[in-house]
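Engineer: my questions concern the predicted model and sequence given below.
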Amino acid sequence: MLAWVYKGLGTAIGVVVLYLVLVFGASESGEVVQLVTRDAQGEAVTTRLWVADTDGAMWLRAGDGASGWYQRLTAHSAHSPATLIRGENTYLITAIPEPQRIAEINQLMADKYGLGDMLIGILAGSPASGIAVRVVVASN
């Protein structure tokens, strides 16, 4: 009897570990930028995200708008910009939510990240009703 409990527990832990490995592996595939925002206490919080480019701008994608990084980013202003690190480049940024463009940005992400984007959609939920976020680079 106890052996069955241990087997069941081992299987459950294995499934959770496999899920986490797949999500992490898929989310780290391809180009990943670092978004540095400030929380309510002023502490820097770094979030790794995918990025797409269109219309001369960089774009991020928020699932439903409730994610912490999205809330922190939209709280930043031109007077207190967030930071985006992309490769060797660092940008001071703000953002403009454009939910009406989510289908276009989803397609750009799917084209760019391929299997990784598909796996994240399956494992973590589809961002079909998410929010496209236009990155606005601060002028010097």
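Structural biologist: Perfect, I can see it now.
Engineer: when you work out contacts or count neighbours from here on, use the C-alpha atoms and nothing else.
Structural biologist: Fine.
Engineer: any weak-confidence spans in this protein?
Structural biologist: Scanning the chain for pLDDT under 70 picks out 1-30, 120-128, 140.
Engineer: okay, which residue is most central for it?
Structural biologist: Geometric centre of the chain, nearest residue: Leu49, 3.8 Å, by Cα atoms, centre = their mean.
Engineer: how about it, what does it touch?
Structural biologist: Contacts for Leu49 (Cα atoms under 8 Å, 6 or more residues apart in numbering) come out as Ser27, Val32, Val33, Gln34, Leu35, Leu60.
Engineer: check the residues you listed and tell me the two furthest apart.
Structural biologist: Comparing every pair within these by Cα to Cα identifies Ser27 and Leu35 as the most remote, at 14.6 Å.
Engineer: of those two, which one has the most company?
Structural biologist: A direct count of neighbours by other Cα atoms under 10 Å for Ser27 and Leu35 places Leu35 higher, at 22 against 19.
Engineer: hang on, the earlier thing: distance of the residue nearest to the centre of the chain from Glu88?
Structural biologist: Computed as Cα to Cα, to the nearest Å, the Leu49 to Glu88 distance reads 16 Å.
Engineer: now for the strand of greatest length in the chain, which elements pack on it?
Structural biologist: Ranked by residue count and defined by DSSP state E, the top strand of the chain is strand 89-97. In terms of contacts (3 or more Cα pairs under 8 Å, 6 or more residues apart in numbering; DSSP states H and E), strand 89-97 is packed against helix 68-75, strand 82-86, strand 131-137.
Engineer: can you tell which of those is closest to Gln107?
Structural biologist: Checking the helices and strands packed on strand 89-97 against Gln107 by Cα to Cα gives strand 131-137 as the closest, at 11.3 Å.
Engineer: report the buried residues of the closest one.
Structural biologist: For strand 131-137, burial by neighbour count (16 or more other Cα atoms under 10 Å) applies to Ile131, Ala132, Val133, Arg134, Val135, Val136, Val137.
Engineer: what's the closest of those to Ser77?
Structural biologist: Minimum distance to Ser77 across the buried residues of strand 131-137 is 10.5 Å, recorded for Val136 (Cα to Cα).
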